[in-house]
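>>> Okay, structure incoming, though there's no sequence with it:
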């Protein structure tokens with residue numbers, strides 16, 4: 001669960017820190033070309049990280065997989081789907097994320113819940129029912 005929150009909000013938190021650093025540089029130090037450049041770099045980095053969070057990491061969800069159904073947890077609600085509704089399930093090896101596409105729904109990303117999976121998914125140890133459904137990228 002900690003891994004989920006870390007991945008979901010890392011870029012948001014780091015972007016906010018970069019934005020705070022940019023504002024402090026702008027307010028605290030006198031106006032010079034070097035300080036304006038540093039402000040520009042920090043502020044641009046903050047906007048890029050915040051955009052990454054909004055575009056990509058807002059799609060990271062908590063998902064529970066079983067042999068008969070897929071459960072997507074949205075806050076305190078849980079939606080259940082049958083495996084028949086799964087259009088595509090891919091393992092993104094380097095990021096250790098799964099990409100799930102349900103019929104008629106936007107794609108979502110979720111983390112592997114297996115503790116034995118190696119860092120970056122180099123040696124994933126998947127359950128037997130899941131390995132039949134996944135394709136690796």
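Sure thing, it's come through. Not measured: the values here are computed from a predicted model.

>>> May I have the secondary structure class of residue 31?
coil (DSSP: H, G, I helix; E, B strand; the rest coil).

>>> Now do it: how many residues are near it, please.
Residue 31 has 8 neighbours, counted by other Cβ atoms under 10 Å. (Each C-beta comes from the backbone N, C-alpha and C, glycine too.)

>>> Is residue 18 in contact with residue 45, as I believe?
Yes - with contact defined as Cβ atoms under 8 Å, residue 18 counts as touching residue 45 (4.8 Å).

>>> Pick out whichever of the two has more residues nearby.
residue 18 (20 against 17).

>>> need the contact list for the more buried one.
Contacts for residue 18 (Cβ atoms under 8 Å, 6 or more residues apart in numbering) come out as 42-43, 45-46, 49.

>>> So it lies in a strand, does it not?
No - counting by three-state DSSP, residue 18 is not part of a strand but helix.

>>> In terms of pLDDT, where does it sit?
Residue 18 carries a pLDDT score of 94 in this model.

>>> Tell me the secondary structure at the residue lying closest to it once chain neighbours are set aside.
What sits nearest to residue 18 in space, not counting adjacent residues and going by Cβ to Cβ, 6 or more residues apart in numbering, is residue 46, at 3.8 Å. Under three-state DSSP, the three-state class of residue 46 is helix.

>>> Which positions are bridged to the closest residue to residue 62 other than its chain neighbours in the beta structure?
Nearest residue to residue 62, sequence neighbours excluded (Cβ to Cβ, 6+ apart): residue 73, at 4.1 Å. Counting by DSSP bridges, residue 73 is bridged to residue 62, residue 78.

>>> quick one, strands of the protein?
For the chain, the strands defined by DSSP state E occupy 62-65, 69-74, 77-82, 86-92, 97-102, 108-111, 135-136.

>>> Mind telling me which of those the model trusts least?
Lowest mean pLDDT of the strands of the chain: strand 135-136, a mean of 54.
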